[in-house]
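Student: Please work out how this folds:
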Amino acid sequence: MDYNNQDNSKKSPTCDPEGLARAHLLDLEIGRLIRLRRKRAKMSLQVLAGRLGTSPQQVQKYEAGVNRIAAGRLMAIANILGVPLASLCGYETQSALDRQFGTTLGDSEATLQGSRLMEAFLRIKDPARRHKVLCFARALADSEML
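Tutor: This next block holds a predicted model:
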């Protein structure tokens, strides 16, 4: 086999810098949501760490998005905090969306469109363009609330 003339058109997911960047953003968001839920529960790092059987430093790393959280550990955190697992992954229940936005945004079509919008947004490299897209989306959303 000629290793110098390999077809590199199909790269593995672990070599995909965009995929890694998206994964890191997800780690940061999950960590932020854990911290938010922990603070709302008025629970210290030490208490959460003790219940998880880990160190407060490890919980800090989870919350900072430095260390990834295994699925079982994420489920344990949700149980300890008394919240649905989905709320630590950025998904709210239909009723929470209805209360927040006064409409039924949780239907499957809106969820699919939101997912596609996020994927497209993450592909925009220029920070100024991303900011313009965000401002445009907010302006559209604000005009709907009038």
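
Student: C-alpha only now, for contacts and for neighbours.
Tutor: OK.

Student: Domain boundaries for this protein, per the record?
Tutor: With domains defined by automatic domain parsing, the chain comprises 10-91, 93-146.

Student: Rebuild the ones you listed as TSV, extending it with mean neighbour count and mean pLDDT.
Tutor: Below are the domains of the chain laid out as TSV (neighbours: other Cα atoms under 10 Å; pLDDT from 0 to 100):
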stretch	mean neighbour count	mean pLDDT
domain 10-91	15	85
domain 93-146	12	72
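
Student: What segments of this structure are helices?
Tutor: Taking DSSP state H as the test, the helices found in the chain are 17-40, 45-52, 56-64, 71-81, 94-101, 108-123, 127-144.

Student: what would these look like in JSON lines with distance to S87?
Tutor: Formatted as JSON lines, those follow (distance: least, Cα to Cα, whole Å):
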{"stretch": "helix 17-40", "distance to S87": "8"}
{"stretch": "helix 45-52", "distance to S87": "17"}
{"stretch": "helix 56-64", "distance to S87": "14"}
{"stretch": "helix 71-81", "distance to S87": "8"}
{"stretch": "helix 94-101", "distance to S87": "10"}
{"stretch": "helix 108-123", "distance to S87": "15"}
{"stretch": "helix 127-144", "distance to S87": "22"}
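
Student: Tell me which of these lies nearest to L88.
Tutor: Ranking those by their distance to L88 (criterion: Cα to Cα) puts helix 17-40 first, at 5.5 Å.

Student: Would you mind getting the angle between that closest one and helix 56-64?
Tutor: Put simply, helix 17-40 runs at 120 degrees to helix 56-64, going by axes from the mean of the first three to the mean of the last three Cα atoms, to 10 degrees.

Student: From the contact counts, what lies against helix 17-40?
Tutor: Under the contact criterion of 3 or more Cα pairs under 8 Å, 6 or more residues apart in numbering; DSSP states H and E, helix 17-40 touches helix 56-64, helix 71-81.
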